[in-house]
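> Whatever this is, show me its structure:
(one chain, ligands or ions: 1)
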Amino acid sequence: MNSCFLYHAWGLYTHECTCEEYKGNRIILHVQTKERVRCCLSCGSSSIVKNGYCLRDFVGLPIGGKRVTIRMKAQRYKCKECDFYQQEKIPFATGSCSYTHRFAKYVVDLLRGMTLQDVSNHLGVSWDTVKEIHSSYLKRHYSPPSLDGVENIGIDEFAVRKGHVYKTIVVDLDTGRVIYVGAGKGTDALAGFWRKVRRKNLKIKHVATDLSAAFIASVMENCPDAIHVFDHFHVVKLMNEKLDDIRRKVYSMEKDTNKRKVLKGTRYLLLGNGADIFDKQHRTRLENALAMNEPLSKAYYLKEQLRQI
Ligand SMILES: [Zn+2]
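The predicted model follows:
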């Protein structure tokens, strides 16, 4: 078989095909390396000699509706200087796996829309092989992230399944990686994370959360030396609630109907971002309301200052 075809169809670029066999629904390609090993892996000597070979079978990508087995003649070598035995490297498969990298990738692609059993039936390999490929893919891509060097974290909770289930996540703020996901919300959801922090002896410097009492208690108990940063949005929201209380009190205490008219409907002007009021009428109305009442105006400007932080 043409080396070019071997390369493009199966990615074997340093190999040649010595023979092809056609057995029912199966094609067996006998391949061997074109290059020989030049030096000993142990001592670096170039005095190495061939010392037998072993035949290894690998499941390759199917072609033309036929299963493909790549039968590799893996050469063994012996070093004349240090008696070290070595086998040539097989670049298209990992360790003792009996399938090629390309085949494993194909299985993972199929599993995005098919079950393990479907893929096993479709490709004619055992369910265990499909499962093994999938597990090693998941392990490689989704194993728990390392916490080494983590100093600044953000904690938040979110709802899944239409609010029936909660998850609490911890993010490394320097890299943006999610480093922990706890089931539920509140202090219990973070217990596992703090255990990891203690085990790794991490020094957390900054923690950012919202104003949830559970988060505050959890951070105070588990990393009391860290600076606890509260989300800007939540702090301004608290201030706005107080400002709205004052506005309502001022309105209910005002006897003068003209002044009441000015105060009425100023809620959105007071609570919004002052810099965003471009409408001249709105601005005059807000200024009139503030000029009429000192506590309200004091609270409003404090809120605007807080927003600048
Ligand atoms: Zn050697």
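> quick one: the helices in the stretch 101-250 of the chain?
Ranges of helices within the stretch 101-250 of the chain are 101-111, 116-123, 127-142, 187-200, 213-222, 232-253, based on DSSP state H, counting those that start in this stretch.
> The ones you listed into CSV, with extra columns for distance to L290 and mean neighbour count?
The way it works is simple: take the backbone N, C-alpha and C, and place the C-beta from them, glycine included. Converted to CSV, the helices of the stretch 101-250 of the chain look like this (distance: least, CB to CB, whole Å; neighbours: other CB atoms under 10 Å):
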stretch, distance to L290, mean neighbour count
helix 101-111, 63, 18
helix 116-123, 68, 16
helix 127-142, 55, 14
helix 187-200, 43, 16
helix 213-222, 34, 16
helix 232-253, 11, 14
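> who wins for proximity to I309 among these?
helix 232-253 (7.2 Å; CB to CB).
> Which elements pack onto that closest one?
helix 257-263, helix 267-271, helix 294-308 (3 or more CB pairs under 8 Å, 6 or more residues apart in numbering; DSSP states H and E).
> Tell me which residue of this protein is furthest from the middle?
Most distant from the centre of the chain: D256, at 60.4 Å, with distances by CA atoms, centre = their mean.
> and the gap between that one and R198?
63 Å (CB to CB, to the nearest Å).
> returning to what we had before: nearest to S297 among the helices of the stretch 101-250 of the chain would be which one?
Among those, the nearest to S297 by CB to CB is helix 232-253 (10.0 Å).
> what's in contact with the closest one?
Residues outside helix 232-253 that contact it (CB atoms under 8 Å, 6 or more residues apart in numbering) are 210-211, 260, 263-264, 266-267, 270-271, 293, 295-296, 299-300, 302-303, 306-307, 309.
> mean confidence for it?
Mean pLDDT, helix 232-253: 85.
> The closest residue to the ion within the stretch 201-309 of the chain: neighbouring residues, count only.
Minimum separation of the stretch 201-309 of the chain from the ion (CB to the ion) falls at N201, amounting to 43.1 Å. Counted with other CB atoms under 10 Å, residues neighbouring N201 total 6.
> okay, it: pLDDT?
We note a pLDDT of 89 for N201 in this prediction.
> How about the one 4 residues further on?
The model reports K205 with a pLDDT of 94.
> can you list the domains in this protein?
What automatic domain parsing lists as the domains of the chain is 1-92, 96-143, 152-230, 233-308.
> Quickly, which of those domains bottoms out on average pLDDT?
Sorting those by mean pLDDT places domain 233-308 lowest, at a mean of 80.
> The lengthiest strand in the chain vs the ion: in contact?
Counting residues, the longest strand found in the chain (DSSP state E) is strand 48-63. No. Shown here: strand 48-63 not in contact with the ion (CB under 5 Å from the ion), separated by at least 7.1 Å.
> Compute the inter-axis angle for that strand and helix 116-123.
Using axes from the mean of the first three to the mean of the last three CA atoms, to 10 degrees, the direction of strand 48-63 lies 100 degrees away from that of helix 116-123.
> could you give the angle of strand 48-63 to helix 101-111?
Going by the same axes, to 10 degrees, strand 48-63 makes 30 degrees with helix 101-111.
> Pull the number of nearby residues for K261.
10.
> Tabulate the helices and strands packed on helix 232-253 (JSON lines), appending distance to H122.
Output for the helices and strands packed on helix 232-253, formatted as JSON lines (distance: least, CB to CB, whole Å):
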{"stretch": "helix 257-263", "distance to H122": "73"}
{"stretch": "helix 267-271", "distance to H122": "60"}
{"stretch": "helix 294-308", "distance to H122": "60"}
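> Compare those and report which one is nearest to E88.
Here helix 294-308 is closest among these (CB to CB), at 68.1 Å.
> Tell me which other helices or strands that closest one touches.
helix 232-253, helix 280-292.
> Now render those as CSV, adding distance to Y166.
Output for these, formatted as CSV (distance: least, CB to CB, whole Å):
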stretch, distance to Y166
helix 232-253, 18
helix 280-292, 40
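> Could you dump these into a markdown table with distance to the ion added?
Shown next, in a markdown table, are the helices and strands packed on helix 294-308 (distance: least, CB to the ion, whole Å):
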| stretch | distance to the ion |
| --- | --- |
| helix 232-253 | 65 |
| helix 280-292 | 86 |
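> In stretch 2-22, which residues are buried?
Neighbour-count burial for stretch 2-22 flags L6, A9, W10, L12, H15, C17 (criterion: 16 or more other CB atoms under 10 Å).
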